[in-house]
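J.: Below are the sequence and a predicted model; questions follow.
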Amino acid sequence: TMIGASMANRSTSAMKDKIFNYMPPAMVAAVLLFWAYGPTALLNHGATLVAMSALITISVLLLEQVHERHAGWRMNRQEFFTDLFYAVLSATVIAWVSRKIGEEPLAAVKDSLGITTQWAMRMPWLAQVALVVFLIEFGQYWMHRLMHNVTPFWLTHAPHHHLTQLNAAKGAVGNPIELVLISLSIVALFDLQTTAVFAAINVLGVISTFAHANVRSDPPIFYSYFFTTIRHHSLHHSTDYESTRCNYGNSLIILDRIFGTYREGEAELVGQDERRRLSIWEQTIFPFEPVIARYKARKGSAETTGDSSAPAKAVVERPLSEAVE
């Protein structure tokens with residue numbers, strides 16, 4: 001009886017694993033079906049995109065409660081309110097700034113130069129979705145890679161690597177400057193169906209949400225060869241800084257395979273600087289800390305010597321900053 005019960009439990013567990021392994025591709029398909037065949041009254045409304053984005057995150061957070069990957073990544077009260085703050089910030093302030101400094105200027109330049117891309121509008125709807133996915137991800141890949149290799153950009157991105165756990169809402173957590181930079185794209189230069197753009201944004205949302213999620217899901221090769229999974233992205237968030245310099249694709253891991261930055265592996269412990277968790281305020285001022293430290297050193301030196309023109313003392317930057325080439 002005990003052997004039979006054990007076999008039944010293993011069979012149930014294996015079935016559960018299999019179902020969850022197909023969750024990411026199934027949700028991608030569901031999003032595409034909604035934007036392709038959903039109610040016309042909803043499809044062209046910006047509020048629908050916001051609602052769908054929120055629904056994706058909430059759905060994956062609920063999946064974490066059913067089949068979690070690591071107990072150490074389990075949501076707690078502090079993480080919940082921090083994640084909620086950044087989710088609201090991204091949907092409001094970050095989206096507004098990105099639109100004002102990115103989308104609207106590009107659209108204005110396009111109109112003033114009389115640039116048209118009607119060929120894009122004539123593409124099949126699914127091809128338009130794929131084009132938007134590629135345009136957004138190609139830009140994000142290189143921006144992300146830049147952030148890991150140039151110190152000023154790294155200082156904006158480093159707070160995201162101070163996360164000490166991963167979950168479905170963590171993709172939106174980071175310094176506001178980084179959140180704006182990583183959201184910029186050239187999609188506004190193309191004439192495309194609104195529903196195709198919205199569908200692409202939600203598809204990327206599904207993939208990147210699962211790539212940060214505490215869900216025991218290892219999608220099949222037809223998905224994981226092209227799209228980023230939690231295995232790929234957890235390695236990128238590992239405690240060893242050198243190990244983070246790989247798997248830059250937020251959603252398209254195929255770009256890492258193409259450009260030679262792909263690495264196999266997975267990490268359970270995530271974070272930097274001995275896994276020091278940053279508060280919202282610390283994440284906000286992080287890029288300015290070297291300047292603040294130099295100012296304090298100069299002020300302290302001047303007070304000691306009584307000479308306001310005294311040179312600043314050497315500033316010891318964070319180990320993580322020193323690691324950047």
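T.: Yep, it's here.
J.: where are the low-confidence patches of the stretch 1-150 of the chain?
T.: Scanning the stretch 1-150 of the chain for pLDDT under 70 picks out the ranges 1-9.
J.: now do 90
T.: Of all residues in the stretch 1-150 of the chain, those with pLDDT under 90 make up the ranges 1-15, 40-41, 44-46, 115-116, 118.
J.: Count the residues that sit near residue 119.
T.: Neighbour count for residue 119, taken as other C-beta atoms under 10 Å: 9. Quick note: C-beta positions are derived from backbone N, CA and C, even for glycine.
J.: Now do the buried residues in the host helix or strand of it.
T.: Element membership of residue 119, judged by DSSP states H and E, is helix 118-121. The neighbour-count check on helix 118-121 (16 or more other C-beta atoms under 10 Å) flags residue 120 as buried.
J.: which residues are in contact with it?
T.: Here helix 118-121 makes contact (C-beta atoms under 8 Å, 6 or more residues apart in numbering) with 128, 131, 190-193.
J.: one more time with 6 Å, if that's ok
T.: 190-192 (C-beta atoms under 6 Å, 6 or more residues apart in numbering).
J.: got it, and stretch 65-85?
T.: Here stretch 65-85 has contacts from 20, 165-167, 169, 214-216, 268, using C-beta under 6 Å, 6+ apart.
J.: sorry, back to before: among the contacts of helix 118-121, which are in helices?
T.: Within the contacts of helix 118-121, no residue falls in helices by DSSP state H.
J.: ok so, going back, quick one, which of the contacts of stretch 65-85 are buried?
T.: Among these, the ones that count as buried by 16+ other C-beta under 10 Å are 20, 165-167, 169, 214-216.
J.: Let's have those residues in CSV, adding secondary structure and distance to residue 185.
T.: Listed next are the buried ones among the contacts of stretch 65-85 as CSV, based on DSSP: H, G, I helix; E, B strand; the rest coil; distance: C-beta to C-beta, whole Å:
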residue, secondary structure, distance to residue 185
20, helix, 31
165, coil, 29
166, coil, 24
167, coil, 25
169, coil, 22
214, coil, 28
215, strand, 27
216, coil, 32
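J.: Among the residues you listed, which one sits closest to residue 177?
T.: residue 169 (19.8 Å; C-beta to C-beta).
J.: got the contact list for the closest one?
T.: Contacts of residue 169 (C-beta under 6 Å, 6+ apart): 57, 83, 87.
J.: Nearest to residue 106, out of the buried ones among the contacts of stretch 65-85: which one, please.
T.: Using C-beta to C-beta, the buried ones among the contacts of stretch 65-85 come closest to residue 106 at residue 169, 29.0 Å.
J.: Going by secondary structure, the residue lying closest to that closest one once chain neighbours are set aside is in what exactly?
T.: Once flanking residues are discounted, residue 169 sits nearest to residue 83: 3.7 Å by C-beta to C-beta, 6 or more residues apart in numbering. If you go by DSSP H and E, residue 83 is part of helix 77-89.
J.: quick one: that helix to chain centroid distance?
T.: Computed by C-alpha atoms, centre = their mean, to the nearest Å, the chain-centroid distance of helix 77-89 equals 15 Å.
J.: and the closest residue to residue 201 other than its chain neighbours, how many neighbours?
T.: Computed as C-beta to C-beta, 6+ apart, the closest residue to residue 201 that is not its neighbour in sequence is residue 49, at 6.4 Å. Counted by other C-beta under 10 Å, the residues lying close to residue 49 total 22.
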